[in-house]
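Asks: Quick one: sequence and predicted model below, then my questions.
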Amino acid sequence: MNFEDELDKSADTLDKIIWRKLVWTTSEASIKNAAELMHREGVSSVVIMENLVPVGIITDSDLRRVIADGIDVNLKLDEFLKHKPKRVATLVTADIHESLYDVLSKMLEHRIKHAIVMESERPISMVTIGDIAYSLSPFYVHYIIKLRKAKDLEEIKNIVSEFKGELITHAVKFSKKPELGRAGYFFETISRVVDTALKTIVDIRGGLPEGMVYAATGSWGRREQFLLTDRDTMAIYKESTFQNKNSIKSFVSRLEDSLDEAGLPPCQHGYTARNFIFEFNELSKLIEMWGDDPQKFAVKISLIADARALFGSSEMLERIKEKLVNKLHKNRLLLVQSLIYRPPELLFGLPKSFDLKSKLIAPLEYPIRALAITNKILSTSTTDRIESLRRNKIISDELSHTLLQTYNIIMRFKISSQLDSKHLLDFSSLTSVEKDLLKNAIKNIKFFQDYIERTFI
């Protein structure tokens with residue numbers, strides 16, 4: 001999604017991102033001296049100076065060439081510069097007030113990864129292509145990097161809280177100007193950040209048992225979670241010994257506690273790996289039973305179908321999901337169950353308010369998921385399921401396009417409602433454009449449900 005402030009980054013200049021001091025040495029120093037300085041300062045390049053004027057640069061890439069070509073590490077830097085390939089620029093500078101895009105273009109033109117930052121014709125710092133890429137990247141990437149560097153749960157909690165605050169800022173802008181982009185951007189952003197938070201917690205906790213898979217499911221599994229609410233998780237393990245079973249259950253329990261502590265709240269209905277944990281063979285048998293009565297076990301079937309592996313044996317989860325779709329192939333009862341939630345009737349006008357999930361989200365998402373399951377489609381997200389149904393000729397290109405548009409509209413209303421902490425959508429508070437969008441979405445959902453009844457039931 002291209003938010004206005006994301007687009008504004010193109011006008012940012014180097015002074016907005018420069019933070020490190022210039023690391024330099026003289027041309028009389030040796031290659032070995034420069035390598036030691038890089039290591040000591042934690043940088044990937046050293047500027048070579050004569051009388052405080054930059055004359056060249058040595059980088060980590062140069063050091064790899066030194067090793068590969070067998071160059072004497074005691075060679076002085078002034079001699080080393082004479083032996084650099086002519087196609088490689090020995091010195092590229094950028095003014096501190098140059099735009100990031102101009103500096104990036106300069107780097108690409110010269111095929112380099114470092115440039116010396118100048119201010120009033122004096123070298124003051126160094127900028128790398130990584131610095132610029134980081135600054136121009138979507139805002140959530142900054143939080144992913146922060147999370148991967150986090151050392152404890154308290155730090156993760158603070159980063160998650162900071163991310164949530166910035167996410168709300170972006171969401172408010174989007175709710176006022178939806179033309180800025182696609183609603184799914186928010187959900188994909190959240191899932192990537194939450195996935196990273198989880199993996200960092202696992203790294204910190206350690207002791208990952210073998211023979212298990214831990215998965216996100218529900219809205220997190222579908223990448224439709226918003227404002228870090230309603231964490232649905234599950235775990236599957238292969239029981240080889242009694243001790244292994246206890247070790248896995250203890251690990252999962254500690255992990256769930258850590259997620260709570262990090263500010264990622266669990267599902268209010270208890271569908272977390274604390275309770276939703278299965279031995280592989282046991283779950284295989286349960287799927288046989290659930291598949292015999294899909295209307296009774298619709299929720300558990302949906303949680304398996306929505307599951308997305310986060311760490312561990314993803315192959316184990318795929319085998320379970322394959323068993324599920326094979327069991328429910330062409331199952332009409334699952335499709336019937338998916339239509340229990342209906343959109344509001346438009347014949348006499350929309351009600352003043354209605355429940356967003358049961359009247360708008362579920363009437364679209366549930367039949368899409370059921371149609372995917374009964375046609376042996378393993379995709380997890382709603383948009384991927386729509387695309388897979390189209391590719392497999394189960395729905396037409398036109399219907400696929402309509403469903404994707406409808407989904408985006410509904411997710412916009414979901415964002416607006418959750419920003420206001422509301423479960424009910426107040427029709428009377430909408431603008432005339434929003435009312436028209438909503439009515440059109442409801443008509444599309446009704447058409448899709450009727451299509452399923454006519455074609456597959």
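Replies: Looks like it came in fine. Numbers count the residues shown, from 1 in each chain.

Asks: From the chain's centroid, how far away is whichever strand or helix holds residue 107?
Replies: Under the criterion of DSSP states H and E, residue 107 resides in helix 100-110. Distance of helix 100-110 from the chain centroid (Cα atoms, centre = their mean, to the nearest Å) equals 28 Å.

Asks: Enumerate the positions of the helix or strand following that helix that are buried.
Replies: Beyond helix 100-110 in the direction of the C-terminus, DSSP H and E gives the next helix or strand as strand 114-119. Within strand 114-119, the residues scored as buried using 16 or more other Cβ atoms under 10 Å are 114, 115, 116, 117, 118. For every residue, glycine as well, the C-beta is placed using N, CA and C.

Asks: residues contacting the residue nearest the centre of the chain?
Replies: By Cα atoms, centre = their mean, the chain has its centre lying nearest to residue 192, at 2.2 Å. Contact analysis of residue 192 by Cβ atoms under 8 Å, 6 or more residues apart in numbering lists 140, 144.

Asks: try 6 Å this time
Replies: By Cβ atoms under 6 Å, 6 or more residues apart in numbering, no residues touch residue 192.

Asks: returning to that earlier point: would you format the buried residues of strand 114-119 as CSV with distance to residue 238 and pLDDT included?
Replies: Below are those laid out as CSV (distance: Cβ to Cβ, whole Å; pLDDT from 0 to 100):
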residue, distance to residue 238, pLDDT
114, 49, 91
115, 53, 92
116, 56, 93
117, 55, 94
118, 60, 92
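
Asks: and the gap between residue 390 and residue 377?
Replies: 11 Å (Cβ to Cβ, to the nearest Å).

Asks: between those two, which one's more packed in?
Replies: Taking other Cβ atoms under 10 Å, residue 390 and residue 377 do not tie; residue 377 has more neighbours (21 against 18).

Asks: contacting residues for that one?
Replies: With contact set as Cβ under 6 Å, 6+ apart, residue 377 has these partners: residue 388.

Asks: Now do the same for it: helix, strand or coil?
Replies: coil (DSSP: H, G, I helix; E, B strand; the rest coil).

Asks: Show me where the stretch 301-450 of the chain has its strands.
Replies: Secondary structure of the stretch 301-450 of the chain (DSSP state E, counting those that start in this stretch): strands at 308-312, 353-355, 424-426.

Asks: buried set for the first one?
Replies: Of the residues in strand 308-312, 308, 309, 310, 311, 312 count as buried by neighbour count, 16+ other Cβ under 10 Å.

Asks: Name the strands paired with it and say parallel or antiparallel.
Replies: strand 212-217 (antiparallel) (DSSP bridges).

Asks: Pull the residues that contact the strand it pairs with.
Replies: So strand 212-217 is contacted by 232-237, 248, 303, 306-313, 316-317 (Cβ under 6 Å, 6+ apart).

Asks: what does stretch 300-307 give?
Replies: Outside stretch 300-307, the residues touching it (Cβ under 6 Å, 6+ apart) are 215, 217-218, 221-222, 234, 290, 294, 317, 324, 369, 373, 380.

Asks: Pick out the most distant pair among these.
Replies: 215 and 294 (20.7 Å; Cβ to Cβ).

Asks: neighbour count winner among the two?
Replies: Between residue 215 and residue 294, residue 215 has the larger neighbour count (other Cβ under 10 Å), namely 28 against 24.

Asks: Skipping adjacent residues, who's closest to that one in space?
Replies: Counting by Cβ to Cβ, 6 or more residues apart in numbering, residue 307 is the residue found nearest to residue 215 once chain neighbours are left out, at 4.3 Å.

Asks: Among the contacts of stretch 300-307, which lie within helices?
Replies: Using DSSP state H, the subset of the contacts of stretch 300-307 located in helices is 218, 221, 290, 317, 324, 369, 373.
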